[in-house]
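A.B. asks: Here you go, sequence then predicted model.
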Amino acid sequence: MRVPGPSGLAVNRRALLGTALVVGAFAAVYWQVFVRLFDAWTNDGNYSHGWLIIPLSVYFAWERRGEFFAAPSRPSWLGLAAIISSLAVLIAGLLGAELFLSRISIVGTVAGLVLFLYGWNHLQVLMFPIGFLLLMIPIPAIIFNQIAFPLQLLASQFGEFCMTSARIPVLREGNVLILAHTTLEVAEACSGIRSLISLVTLGLVFGYFSDPRLWVRAAIVGSAIPVAIVANGMRVAGTGMAAQWYGPEAAEGFFHDFSGWAVFAVAFALMLAIHRAIVYLWPAGRSGGR
């Protein structure tokens with residue numbers, strides 16, 4: 001058993017002090033951004049998964065600790081340039097009240113710190129944990145709306161198709177479904193974008209833990225898009241059928257809220273089935289590699 005000498009203790013203390021200073025400076029610079037980010041995670045149901053992103057990212061980084069410490073350290077001044085650029089983006093976001101810019105600069109600053117303090121080898125090791133942090137950042141409203149409206153129309157069309165197949169008379173005008181006893185509007189909250197964002201995050205985590213092959217992970221994440229569309233269309237159709245058979249009140253309150261959770265569970269089950277089908281058709285031993 002070796003006892004660290006005075007020089008070893010000094011190095012450890014300097015490393016701990018340096019780490020503490022970097023973390024403290026990072027927290028001081030970004031505290032306002034994180035406060036508003038926490039508020040978005042708490043009050044916007046589309047991004048409630050954000051609370052899980054940082055712990056998962058830390059876990060992914062911790063899982064790579066052996067590879068990280070084994071990599072040769074070659075600090076790069078390009079990291080300092082990346083940090084300065086990210087801080088410039090932060091200032092621009094704060095002055096212009098542009099939340100997305102100030103939030104996205106977090107990822108750039110973290111990557112720049114790793115590059116500046118350790119080098120490209122260490123940044124490559126931590127590329128996935130750092131990139132995973134992007135999922136905690138809400139999409140800009142202009143992009144969000146461009147995605148949400150087509151999803152509203154797709155959910156409305158799918159719901160109309162299912163109800164027509166069940167011989168329920170329905171008239172669709174855009175994202176509005178007109179039934180005999182009530183009218184249903186597929187609002188933005190019911191467009192499926194909430195399920196899509198959560199399913200993409202869940203698919204990425206599930207793929208990471210379930211299969212080492214990169215293309216399988218990409219397929220699982222990609223399947224979240226059609227699965228979310230189909231599942232949400234089923235929710236719209238089920239709500240319309242319930243309103244037709246049991247009255248307009250069946251489309252509101254408990255049934256409406258419960259159907260959201262049920263459809264998300266069904267969507268995740270579909271993603272599991274897709275993964276099992278991939279594994280059955282292309283076993284890991286046959287396709288090999290990541």
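C.D. replies: Yes, it's here.
A.B. asks: Next, give phi and psi for residue 64.
C.D. replies: The main-chain torsion angles of residue 64 are listed as degrees, to the nearest 10 and equal phi -100, psi 10.
A.B. asks: residue boundaries of the strands in the stretch 151-290 of the chain?
C.D. replies: Counting by DSSP state E, counting those that start in this stretch, residue ranges of the strands within the stretch 151-290 of the chain are 171-173, 176-178, 183-185.
A.B. asks: Ok, which of these comes nearest residue 162?
C.D. replies: strand 176-178 (10.8 Å; CB to CB). From N, CA and C alone the C-beta is placed, and that goes for glycine too.
A.B. asks: can you tell me which of the strands of the stretch 151-290 of the chain comes nearest to residue 120?
C.D. replies: Using CB to CB as the measure, strand 183-185 is the one of these that comes nearest residue 120, at 51.8 Å.
A.B. asks: what stretches of the stretch 1-150 of the chain score poorly on pLDDT?
C.D. replies: Within the stretch 1-150 of the chain, the stretches with pLDDT under 70 are 1-16.
A.B. asks: Now with 90, please.
C.D. replies: Scanning the stretch 1-150 of the chain for pLDDT under 90 picks out 1-28, 43-50, 69, 73, 75, 93-99, 117, 138-150.
A.B. asks: and the chain, what are its domains?
C.D. replies: Domain segmentation of the chain under automatic domain parsing yields 6-136, 142-287.
A.B. asks: Mean neighbour count added to the ones you listed, as JSON lines?
C.D. replies: Output for the domains of the chain, formatted as JSON lines (neighbours: other CB atoms under 10 Å):
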{"stretch": "domain 6-136", "mean neighbour count": "15"}
{"stretch": "domain 142-287", "mean neighbour count": "17"}
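A.B. asks: Now tabulate the strands of the stretch 151-290 of the chain in CSV and tack on distance to residue 97.
C.D. replies: Written out in CSV, the entries for those read as follows (distance: least, CB to CB, whole Å):
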stretch, distance to residue 97
strand 171-173, 37
strand 176-178, 34
strand 183-185, 31
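A.B. asks: With mean pLDDT and distance to residue 156 as extra columns, can I get those strands in TSV?
C.D. replies: Written out in TSV, the entries for these read as follows (pLDDT from 0 to 100; distance: least, CB to CB, whole Å):
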stretch	mean pLDDT	distance to residue 156
strand 171-173	84	6
strand 176-178	83	6
strand 183-185	77	9
